[in-house]
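**Student:** my questions are about this predicted structure, shown below with the sequence.
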Amino acid sequence: MKSLSADRRHFLLGAMGAAGAAALPLPATWAATRPLIDSREVAPGVRFVTGAGANVIALRGPDGQVLVDGGLAANARALMDHLDAKRLPVKALINTHWHWNHTGSNELLGKAGVPIIAHENTKLWMQRPITIPWDKREYPPVPAKALPTKTFYTEGKMDFGPHEIRYGWLGQAHTDGDIYVHLPKSNALITGGVLATGRWPVMDYVTGGWIGGLLEAGRTLLKLCDDRTLILQGAGEVATRAQLQAQTDMLDTLKERIWQLMRKGMSDTDIIAAKPTAEFDAALGDPTQFLQSAYKGLWGHVREQRGVV
Ligand SMILES: [Zn+2]
């Protein structure tokens, strides 16, 4: 399906051709404010939507759809237009974690009475202000109507049309409210922010993420998939089990390496200077933020490491 904006552009181009007008400008504000939302069906009834601020997965049933994540609030209406939500209403929304670019459709759908499913910790974070240092931003509590309405602690499942939807908590990983959404009939696995390919994974230590938990979450996800599983991550393209394995192996190596540097008494600045990520930097970029987050997160889990300082 093309995005609404793409359809409009085609319409405008068609009108230009018909009128023979060489330069019919787009409305100045329109091009700047319409997000370039696009999507494709990656398995029967499973639509992978990009461009809304984070990847959105739309599961289609005979009389509606279930969404996993919702992009940014500013894009929520455009996302619903793109998904033709007036004709195929959203029956439920699942949040993989609290981050603003995944929960931005909550208010719009919550006001319409759509159930919102999330881990209890996700709801708790959304009720308080959160300052994210690397973003230099404070995120205020969300309006009451944007809060998850059906929370859980361990796992849950739902049948929806042809889909069997299973979800479960991934512990303290990217945040402390991360969940996976597993679609066994489609052999697809939605990972939220836990997997990041082609860039450094984020460990949001402000809301409970840390490198050891992210490593364990990767191991949990690996048990749910095989070499043919479609791995639908929160940003970027559809991934493979091999990419999930590669991230897990890397975190296993780096967790130990960073911990050993911490045991020597190194600060985060010392650790960054020691370049413990050197063999991964060409592929993943500047590791500074990753290392600072790993350091801060590890300090919160000192007792779980061998050889307490
Ligand atoms: Zn996130």
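**Tutor:** Happy to help now that I have it. Residues are numbered from 1 along each chain as shown.

**Student:** burial count for V238?
**Tutor:** Using other CB atoms under 10 Å as the criterion, V238 is surrounded by 15 other residues. C-beta coordinates here come from the backbone N, C-alpha and C atoms, glycine included.

**Student:** my read: it touches I231, true?
**Tutor:** Yes: between V238 and I231 there is a contact at 6.8 Å, judged by CB atoms under 8 Å.

**Student:** measure the nearest residue to A73 once chain neighbours are set aside to the ion for me?
**Tutor:** Take A73 and drop its neighbours on the chain: the residue closest to it by CB to CB, 6 or more residues apart in numbering is G104, 3.7 Å away. Noted for G104: a distance of 12 Å to the ion, by CB to the ion, to the nearest Å.

**Student:** phi first, then psi, for G61.
**Tutor:** The phi/psi pair for G61 (degrees, to the nearest 10) reads phi -120, psi -180.

**Student:** also Q172?
**Tutor:** In terms of degrees, to the nearest 10, the main-chain angles of Q172 are phi -90, psi 100.

**Student:** contact partners for it?
**Tutor:** Listed by CB atoms under 8 Å, 6 or more residues apart in numbering, the contact set of Q172 reads G208, G209, W210, G213.

**Student:** tell me the contacts of the residue nearest to it when sequence neighbours are not counted?
**Tutor:** With CB to CB, 6+ apart as the criterion, Q172 has its nearest non-adjacent residue at 3.8 Å, and that residue is G213. When contacts are counted by CB under 8 Å, 6+ apart, G213 is found next to L170, G171, Q172, A173, D176, M203, G297.

**Student:** wasn't G213 part of a helix?
**Tutor:** Yes: counting by DSSP: H, G, I helix; E, B strand; the rest coil, G213 falls inside a helix.

**Student:** and it, what's its pLDDT?
**Tutor:** Reading off the confidence values, G213 has pLDDT 98.

**Student:** kindly report the same for G192.
**Tutor:** According to the prediction, G192 has pLDDT 98.

**Student:** the residue of the stretch 151-300 of the chain found nearest the ion: neighbour count?
**Tutor:** The nearest approach of the stretch 151-300 of the chain to the ion comes at G193, 3.2 Å away (CB to the ion). Using other CB under 10 Å, the number of residues around G193 comes to 27.

**Student:** kindly report the same for the one 4 residues further on.
**Tutor:** One way to gauge burial is a neighbour count; for T197, by other CB under 10 Å, it gives 19.
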